[in-house]
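Engineer: turn this into a structure:
(chains A and B)
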Amino acid sequence: MRRLTVLRTGPQALVQDLGRPGYAHLGVPPSGALDEPALRLANRLVGNPESAAGLEVLLGGLAVRAGSSCTVAVTGPRVPVLRNGSAVGSHAPVHLADGDVLEVGTPERGLRCYLGVSGGVDVAAELGSRSTDLLSGIGPDPVRDGDDLPLGPVTAPAVGADVLVPTRVPDALVVPVLLGPRDDWFGDPAGQLRAGRWTVSEKSNRVGVRLTGTALERTEAFLGEELPSEGIPTGGVQVPADGQPVVFLADHPTTGGYPVIGVVPAGVLPLLAQARPGVPLEFRPQAQLGLDPLFR
Amino acid sequence: MEDMRLRRCGPDAVLVEVDSLDEVSAVRAAVRAADLPDLVELVPAARTVLVSVRPGTDLAPVRRVLDEVDLSRPAEVGSREVRIPVHYDGPDLELVARTAGMSEAEVVALHSGTEYEVAFCGFAPGFGYLVGLPEALRQPRLDSPRTKVPAGSVAIAGEFTAAYPRATPGGWRLLGRTDTTLFDARRDVPALLAPGDRVRFEVAG
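Structural biologist: Below you'll find the model as predicted:
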């Protein structure tokens, strides 16, 4: 059997693919790679379908030994990559012979690198996905030191050429947010969001990016009010009672009872998922334009 | 659709707000029946339905379906009928009976003699909020929630009854327990209960 043995996971290594959207009505979060473009790129580099499962590696530190010949690639923020102790670089396919050891260093910026491997990580799928969902425990357990990860069959040769875009992680984030569905719970929601200043909290995880800073204030009419639980979209900016917003990522609860003041577009979330604790963050609220197909 | 409020929920979703669980059910059934190709999530809740489409696609087809929903017409009853055997020996059975002013046997007869419908799921995978609870059993949560409610617990809170798919903290009043598996991600049909399903609890032999 083709396999990869994990010698060291580093702070956290998880099997992730594109997740299991479509089950929120059963209480199942979408899960999946937080920096989805990075996982897709890693898969393309090693000749996989973009949907194959790889490893999401938090703050580097991963070491794996090939149990058979395979091609691997590391993407996400730029990061040192070593094969048998020699630098080979990220964002390029690397061939490993049986017994070769690949090490991923610590990225200077950003949080999450992705290891793609030819054939994909072939653990059992649950609800159509191999992703580890840290909120609800669906999918494989987090990877542990010594784990043998089975690899699937190789379907195509590694391409070796692609549009190579290492995730660029800025020192400060300016995040667009569309107001709604519960912006009316807040006085001048656009003004509060635009004027507020936050930093990424160390309590952030795959469930959400927690922010510390300006408390968003409700209008008089909604003080102490409770909202019947309602569906939450990925990217939803929920405001708990203390006013400190949370931007929900892939492992978010499917419903919640705190108001969501706005929603961050899906395309911006990979960057948020790379933001380290302490990174300053501002919002740029946007109202819908007059041509909104929903309200036309 | 005079009583339906559409709330923008990012570029790819809309939160439909209505006034009752029946209206939630009508909206959910209509969107589901439309079988929209780009639909990703359809999430009913207590007073809302979240409808999301594939990022980058258009919400206009969703709007067209919503324009046609008749909120006064109840949704067609869900096709699945689920029976859940229950051992009615829960730690709050006596409290529930006292609060309702009836005997424990009467509580069991009432709870197991009623047909429920899954209004929505949430809180945890496979946790269904069932409606149809008789008036006497509509009781508040415990003053102090338990740190651990065992998996399979059958419980009531407010207008809902439910069975816990796995051990979690919880403040619902526990009537009993079931051995039935409510959620298993590796099953073909992972969740025993889905919105629209009809449910009966039976006294386990």
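
Engineer: what about A:P150, neighbour count?
Structural biologist: 15 (other C-beta atoms under 10 Å in any protein chain shown). All C-beta atoms are positioned from the backbone trio N, CA, C, and that covers glycine.

Engineer: didn't it look like it was pressed against A:D122?
Structural biologist: Yes: A:P150 is within contact range of A:D122, at 4.6 Å (criterion: C-beta atoms under 8 Å).

Engineer: what's the distance between the closest residue to chain B within the stretch 101-250 of chain A and B:V203?
Structural biologist: Per C-beta to the nearest C-beta, A:G231 is where the stretch 101-250 of chain A lies closest to chain B, at 2.9 Å. A:G231 sits 35 Å away from B:V203, going by C-beta to C-beta, to the nearest Å.

Engineer: when these two are compared, which one has more neighbours?
Structural biologist: A:G231 (28 against 14).

Engineer: show me how far the top helix by length along chain B is from its chain's centre.
Structural biologist: Across chain B, the longest stretch assigned as helix under DSSP state H is helix B:21-34. Relative to its parent chain, helix B:21-34 has a centroid offset of 14 Å by C-alpha atoms, centre = their mean, to the nearest Å.

Engineer: so A:V64, which state does it fall into?
Structural biologist: Put simply, A:V64 is strand when judged by DSSP: H, G, I helix; E, B strand; the rest coil.

Engineer: tell me where chain B has helices.
Structural biologist: Under DSSP H, chain B gives helices at B:21-34, B:60-67, B:93-100, B:104-112.

Engineer: and the closest residue to A:D17 other than its chain neighbours, how many residues sit next to it?
Structural biologist: Sequence neighbours aside, A:A53 is the residue nearest to A:D17 in space, at 4.1 Å (criterion: C-beta to C-beta, 6 or more residues apart in numbering or on different chains). Residue crowding around A:A53 was assessed by other C-beta under 10 Å; the count is 32.

Engineer: for A:A53, give its distance to B:V199.
Structural biologist: In terms of C-beta to C-beta, A:A53 sits 35 Å off from B:V199.

Engineer: of all the helices of chain B, which lies closest to chain A?
Structural biologist: helix B:60-67 (4.0 Å).

Engineer: pull the closest one out as PDB, backbone CA atoms only.
Structural biologist: Written as PDB, here are the backbone C-alpha positions of helix B:60-67 (Å, rounded to 0.1, in the frame of the first residue of the first chain):
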ATOM      1  CA  ALA B  60     -32.100  35.800  -8.600                       C
ATOM      2  CA  PRO B  61     -33.500  32.200  -9.100                       C
ATOM      3  CA  VAL B  62     -33.900  31.900  -5.300                       C
ATOM      4  CA  ARG B  63     -35.800  35.200  -5.300                       C
ATOM      5  CA  ARG B  64     -38.100  33.900  -8.000                       C
ATOM      6  CA  VAL B  65     -38.900  30.800  -6.000                       C
ATOM      7  CA  LEU B  66     -39.500  32.900  -2.800                       C
ATOM      8  CA  ASP B  67     -41.900  35.200  -4.800                       C
END
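
Engineer: what's it packed up against?
Structural biologist: Using 3 or more C-beta pairs under 8 Å, 6 or more residues apart in numbering or on different chains; DSSP states H and E, the elements in contact with helix B:60-67 are strand B:13-17, helix B:21-34.

Engineer: deepest-packed of the helices of chain B, please.
Structural biologist: Highest mean neighbour count among the helices of chain B (mean count of other C-beta atoms under 10 Å in any protein chain shown): helix B:21-34, with a mean of 20.

Engineer: next, the angle strand B:13-17 makes with it.
Structural biologist: 140 degrees (axes from the mean of the first three to the mean of the last three C-alpha atoms, to 10 degrees).

Engineer: tell me if I'm right that the residue of the stretch 101-250 of chain A closest to chain B and B:T48 touch.
Structural biologist: Yes: with contact defined as C-beta under 8 Å, A:G231 counts as touching B:T48 (6.5 Å).
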